[in-house]
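K.L.:
requesting a structural model of the entry that follows:
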Amino acid sequence: MAYFLNIKGDNPNLYSKVIIDAVEYVVHTLWNTRSGWYISFYDPSTFDIQKEDNSASLLLGGRKLMYNGEILVGKGFNGLPTGSLRCADTNPELIESQGKVLNRDNFGKDKRFQLIYFTDAELITRGVR
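P.N.:
Down below sits the predicted model:
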């Protein structure tokens with residue numbers, strides 16, 4: 001069953017631990033005032049928050065978050081989950097003039113745009129794969 005990742009959007013530079021498909025990841029969400037939200041995935045077994053350079057732990061870096069855009073490019077490679085991770089609009093009834101653009105205040109847990117994960121098995125069952 002699809003589920004929302006518990007990522008808080010209140011912090012513009014946040015490292016979180018999440019479990020996807022029974023595997024733990026370190027996720028970094030970053031707000032850039034010029035271009036929006038970005039997300040990166042790290043291997044928690046080698047990631048060290050105290051280190052300045054964690055590039056050796058990086059599994060997927062700097063993916064821009066956009067409404068309904070697939071985040072997990074290269075699924076299943078480099079230890080990434082095999083399902084689909086997207087940024088969903090949890091309130092699509094809002095006036096269309098507001099658009100489907102993530103901003104500093106509408107992304108994260110309990111907000112309009114949230115990260116939702118669909119397992120590979122669920123995608124196959126629904127005929128998406």
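K.L.:
confirm D105 sits in a helix?
P.N.:
No: D105: not assigned to a helix; according to DSSP: H, G, I helix; E, B strand; the rest coil it is coil.
K.L.:
tell me the secondary structure of the closest residue to Y117 other than its chain neighbours, please.
P.N.:
Leaving out its chain neighbours, the residue that sits closest to Y117 by C-beta to C-beta, 6 or more residues apart in numbering is L85, at 5.0 Å. (C-beta placed from N, C-alpha, C; glycine too.) Assigned with three-state DSSP, L85 falls in the strand class.
K.L.:
tell me the spacing between L85 and L30.
P.N.:
Between L85 and L30 the computed distance is 16 Å (C-beta to C-beta, to the nearest Å).
K.L.:
more neighbours, those two?
P.N.:
L85 (23 against 16; other C-beta atoms under 10 Å).
K.L.:
I'd like to know how far F118 sits from P12.
P.N.:
27 Å.
K.L.:
please apply the same query to R126.
P.N.:
34 Å.
K.L.:
which residue sits closest to the most centrally placed residue in the chain, ignoring its sequence neighbours?
P.N.:
With distances taken as C-alpha atoms, centre = their mean, the residue of the chain nearest its centroid is L115 (5.2 Å). Excluding the flanking residues, the one nearest L115 by C-beta to C-beta, 6+ apart is L5, at 4.2 Å.
K.L.:
what does N91 give?
P.N.:
R112 is the one closest to N91 (C-beta to C-beta, 6+ apart), at 5.0 Å.
K.L.:
how close does the one you found sit to G99?
P.N.:
The gap separating R112 from G99 is 11 Å, by C-beta to C-beta.
K.L.:
who's more crowded, these two?
P.N.:
R112 (20 against 10).
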